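>>> Build me a model from this:
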Amino acid sequence: MEPIQSLFKGITSGKNVQENWQRIANMLGDQPAIREFAEHHPDIDSAAWSRSLSRLYQFVEEQKHCAHCPGLEKCPNMMKGYRPKLVNDKGTPSLTFTSCPLLEERESKQRQSELIRSYYVPKDILQATFESIDKEDGGRQQALKAAGDFLKTYLENPEEAKGLYLCGQFGVGKTYLMGAIMNRLAERRHIASLIVYVPDFFREIKGAIQDNTVDAKLDVLKKAPILILDDIGAETITPWVRDEVLGSILQYRMMDHLPTLYTSNFTYEELEDHFSYSQKSGIENVKAKRLMERIRHFTTLVRMEGSNRR
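Predicted coordinates:
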């Protein structure tokens, strides 16, 4: 768009200023959008129209830009990503601006990404969608259905939703499916979720003892609306991690009816065996069973199969 200041400087420097103003006014008055606006606002007098020529010119030019949109990054409008609209401001033509669909889409994606947090999980997982999952692989069908059932139940009645426990071999897409669930929740209802790679997080928690931040870090997991514990069973288990860390998190979430979802290479039985043994305390079946009760009764186990995509 030609700078408005330059346009009107040329008008006012001519020999016949009045004729120049009239020429511009006639040009703008021929614009369909301005004519339609004028028909709906007969109370605006000619003096007000004259005082608003610069606004009208900006409106016409930016409308042209929007009609031939070059994309958000190359938007030439004065306010990138915004479309002008004529309004009647107490008898004077004025402009207001609304965000265009491209800007709204980008802002929506930004808000969505802010709802999805992760600890030690690859960034591509956070971009996962159901549309990008390979549905031709028969081993994924049961898991996809279970994910859909979880979403439907949670969106209708969160307190009735049981979490998911996806078990299967390496690389079959368990974590990717969890990423798709997170994005669907953020997209549909702006529901925040957190995915945690369990082995690395537990190592961080052990280190947090030194700076007294254990409770603060655990609170984040306890209170997340949706928590996904990725690759549970791959961690080195200790009685403290099992009972004071994981047990504390799951107890809090169970009491507050907050769904917890899991991915693992282990079945329920194999995970219980994993929890029952530690190098320091040997075999502790009762404590392992107590912890597994908080997983079994609040999740649906789904075996996920398929080709290794890694």
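
>>> On the three-state scheme, Ser94 is what?
strand (DSSP: H, G, I helix; E, B strand; the rest coil).

>>> Please verify my assumption that it contacts Ser52.
Yes. Here Ser94 reaches Ser52: they are 7.1 Å apart, a contact under C-beta atoms under 8 Å. Using the backbone N, CA and C atoms, a C-beta is placed for each residue, glycine as well.

>>> Which residue of those two possesses the greater neighbour count?
Ser52 (20 against 14; other C-beta atoms under 10 Å).

>>> Report the beta-bridge partners for the closest residue in space to the more buried one that isn't next to it in sequence.
Nearest residue to Ser52, sequence neighbours excluded (C-beta to C-beta, 6 or more residues apart in numbering): Pro93, at 4.2 Å. On the basis of DSSP bridges, Pro93 is bridged to Asn88.

>>> Could you give the number of residues near Pro93?
21.

>>> From Gln31, how far out is it?
Separation of Pro93 from Gln31 (C-beta to C-beta, to the nearest Å) stands at 12 Å.

>>> Under the pLDDT cut-off, which ranges of the stretch 151-300 of the chain? List them.
279, 281 (pLDDT under 70).

>>> all strands for it, in order.
163-167, 193-197, 226-230, 260-264, 277-278, 282-283, 299-303 (DSSP state E, counting those that start in this stretch).

>>> hey, C-alpha coordinates of the third one in CSV?
Spelled out, that is strand 226-230. In CSV, the C-alpha atoms belonging to strand 226-230 read as follows (Å, rounded to 0.1, in the frame of the first residue of the first chain):
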residue,chain,number,x,y,z
ILE,A,226,-4.1,-35.5,32.4
LEU,A,227,-0.9,-37.2,33.3
ILE,A,228,0.9,-39.7,31.0
LEU,A,229,3.7,-41.8,32.5
ASP,A,230,5.8,-42.9,29.5
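
>>> ok so, going back, contacts only, for the residue nearest to Ser52.
Neighbour list for Pro93: Phe37, His41, Ile44, Ala48, Trp49, Ser52, Arg55, Leu56, Leu86, Val87 [criterion: C-beta atoms under 8 Å, 6 or more residues apart in numbering].
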